[in-house]
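Trainee: Okay, sequence plus prediction incoming.
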Amino acid sequence: MVGAALDEGSGFGNQGPDQGYVLKLAQRLKGQLVLDASEREDDALVGCAAVALRRASTFGRAPVMHDLRFALELFGFLSEAEPELVAWRRQRFAGAAGHHGYHLKRRLADLVSADTLRRTPEVAAAARAKDWRATLGL
C-alpha cells in the first residue's frame, strides 16, 4: 500500500529507492579489484553491494558510486589488504553472488555499524589500514 510504513526488524533489510542501480555501478568496477587467487570478483562485488545499499538507504537515497567504493575500501578490495583480512573476508564473502546468498549478504551489511556507514570511502580505507578488526566491530 502506498504510504504505509515499511516492515522493520531482522531479515527485512534496508529499503531505499532504485536499489537495482548498484548492480550497474558494480559492473563499472569489474577488473579493478585486488583479490587473492581464492576469491571471486562477483562475490566481492555483490557482498559489497549489500553494504553499499545499506549505506545509501541510511541517507535516504538511491545508491551511488561513493557507496560502493566505501564498501570496497572497508573490506580492502581496492588495494593490497593484510593477509588476515583477506582470510577473514574469503570466508565471509564466498557464495555472496550465488542464488542462496541472501542471508550471507544480510550478515555483511549488518556487520557495519551506523557510525561507520557515514564515513567517506577515504576515511573507511584509513580506518581499515589502521585496524580493520575495530573498523568492522570485531
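Mentor: Good, I have the coordinates.
Trainee: okay, CA-based contacts and neighbour counts for the rest of this
Mentor: Noted.
Trainee: And for Asp131, the neighbour number?
Mentor: Look at Asp131: counted by other Cα atoms under 10 Å, it has 10 neighbours.
Trainee: Can you name the next helix or strand after the top helix by length along the chain?
Mentor: Determined from DSSP state H, the single longest helix within the chain is helix 41-58. Of the helices and strands lying after helix 41-58 in sequence (DSSP states H and E), the nearest is helix 65-74.
Trainee: Only the buried residues of stretch 94-103, if you could.
Mentor: Ala94, Gly95, Ala96, Ala97, Gly101, Tyr102 (16 or more other Cα atoms under 10 Å).
Trainee: and that stretch, average pLDDT?
Mentor: Mean pLDDT, computed over stretch 94-103, is 88.
Trainee: Now find how far off-centre that stretch is within its chain.
Mentor: Centre-to-centre, stretch 94-103 and its host chain are 13 Å apart (Cα atoms, centre = their mean, to the nearest Å).
Trainee: go on, stretch 121-132?
Mentor: Distance of stretch 121-132 from its chain centroid, counting by Cα atoms, centre = their mean, is 14 Å.
Trainee: and the residue lying closest to Asp42 once chain neighbours are set aside, what does it touch?
Mentor: Spatially, and ignoring its direct neighbours in sequence, Asp42 is nearest to Ala97 (5.9 Å; Cα to Cα, 6 or more residues apart in numbering). Shown in contact with Ala97 (Cα atoms under 8 Å, 6 or more residues apart in numbering): Asp42, Asp43, Val46, Gly47.
Trainee: how many neighbours does the last one have?
Mentor: Around Gly47 sit 27 other residues, with neighbours defined as other Cα under 10 Å.
Trainee: contacting residues for it?
Mentor: Taking Cα under 8 Å, 6+ apart, we find Gly47 in contact with Phe93, Ala96, Ala97, Lys105, Leu108.
Trainee: Same question for Ala26.
Mentor: Ala26 makes contact with Leu45, Val46, Ala49, Leu68 under the criterion Cα under 8 Å, 6+ apart.
Trainee: show me what contacts the first one?
Mentor: It stands for Leu45. Applying Cα under 8 Å, 6+ apart to Leu45 gives the contacts Ala26, Leu72.
Trainee: Which pair of the contacts of Gly47 spans the longest distance?
Mentor: Using Cα to Cα, the two most remote members of these are Ala97 and Leu108, lying 12.7 Å apart.
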